[in-house]
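> missing the sequence, but the structure's below:
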């Protein structure tokens, strides 16, 4: 373990457990990752799994901050959501100690007027992404995509879409019929889906996949990318009003982020892609430094 490490950061999500050795400037040095969904462990199992991953990094007094689904119901221990507007100090005030030198980071909730929005993990990415920018729209593609408005270091509002979850459910129905997705993205098929999803109400647009397949207007090898484009197009149509001229940033898996950047570019918006690990490390550093 490098002696420059002042914080061990952990992002424990719905699929993977990632750990980072973070220095005083919020930069991630060493990184480790294993497949271990936070909600898959029995009570009492989280501490043992984490210890196996980072035991040789730890030393007395070195803090460990854990963000993500570890703080959800059925995770390590449930941590109450922090209401919007939320900054690093607000999240620091909600840190929950669960073991010696280990704290869970709270998620964030937002009352949108028409319903409640919640997130766990993305709030940490958001604070890291906003470290050098005053007013941005952060787009976090994934199972439950988030569009997060951050201003002056505060998470002001956000909106969620079940884009990834819906894609997985629909693609699992198509896969036996059309076979695996092509190795390379079919951008033409993606753009056709994007146009349909952006211009047509989602429930009607989704039927265009079946109709296109039934009439051979969509080849079997086009279905995957057409469906991806359709759902991303629908998400952009539903969320882009939040951006209101703000700079757009994307943080997420590389291949998925590329799809969102391509979709935004076609609608005339340039989006900067950020490194997810760097955002998490910077965000956790900001939260730790935000303690009063």
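Arrived safely. As the structure is a computational prediction, the values presented were derived from the model and not from experiment.
> Can you show me the helices along the stretch 51-200 of the chain?
Ranges of helices in the stretch 51-200 of the chain, per DSSP state H, counting those that start in this stretch, are 88-93, 122-129, 163-178, 187-199.
> Can you list the buried residues in stretch 7-19?
Judged by neighbour count (16 or more other CB atoms under 10 Å), stretch 7-19 contains these buried residues: 7, 8, 9, 10, 11, 12, 13, 14, 17, 18, 19. Quick note: C-beta positions are derived from backbone N, CA and C, even for glycine.
> ignore the last one, stretch 151-168
151, 153-155, 157-161, 163-164, 166-167.
> what's it in contact with?
84-88, 108, 110, 112, 117-119, 122-123, 126-127, 130, 134-135, 141-150, 227-228, 231-232, 234-235, 238-239, 242, 256 (CB atoms under 8 Å, 6 or more residues apart in numbering).
> Buried subset of these, written for PyMOL?
If you want just the buried ones from the contacts of stretch 151-168 in PyMOL, going by 16+ other CB under 10 Å, the selection is:
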select buried, resi 84+85+86+87+88+108+110+117+119+122+123+126+127+130+141+142+144+145+146+147+148+149+150+227+228+231+232+234+235+238+239+256
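> Among the contacts of stretch 151-168, which are located in strands?
Here DSSP state E is the test, and these give 108, 110, 117, 118, 119, 135, 145, 146, 147, 148, 149, 150 as lying in strands.
> Look up how far residue 259 lies from residue 233.
For residue 233, the distance to residue 259 equals 11 Å [CB to CB, to the nearest Å].
> Which of the two has more residues huddled nearby?
Neighbours per residue (other CB atoms under 10 Å) separate residue 233 from residue 259, with residue 233 holding more: 26 against 21.
> per-residue pLDDT, the closest residue in space to that one that isn't next to it in sequence?
Excluding its sequence neighbours, the residue lying closest to residue 233 (CB to CB, 6 or more residues apart in numbering) is residue 197, at 2.8 Å. pLDDT for residue 197: 97.
> got it, and the one 3 residues further on?
Each residue has a pLDDT score; the one for residue 200 is 94.
> Please apply the same query to the one 3 residues further on.
According to the model's per-residue confidence, residue 203 sits at a pLDDT of 95.
> One more: residue 85?
Here, the pLDDT recorded for residue 85 equals 97.
> how about the residue nearest to residue 116 when sequence neighbours are not counted, what does it touch?
In space, and not counting its chain neighbours, residue 116 is closest to residue 109: 6.0 Å by CB to CB, 6+ apart. The contact partners of residue 109, by CB under 8 Å, 6+ apart, come to 81, 82, 83, 84, 116, 117, 118.
> If we use 7 Å, what do you get?
Neighbouring residues of residue 109 by CB atoms under 7 Å, 6 or more residues apart in numbering: 81, 83, 116, 117, 118.
> so what's it bridging to?
As for beta bridges, residue 109 partners with residue 83, residue 118 under DSSP bridges.
> Please tell me how far it sits from residue 155.
Taken as CB to CB, the spacing of residue 109 relative to residue 155 amounts to 10 Å.
> Same question for residue 36.
Applying CB to CB, the value for residue 36 to residue 155 is 27 Å.
> Enumerate the positions of stretch 204-222 that are buried.
Buried residues in stretch 204-222 (16+ other CB under 10 Å): 205, 206, 208, 209, 212, 213, 218, 222.
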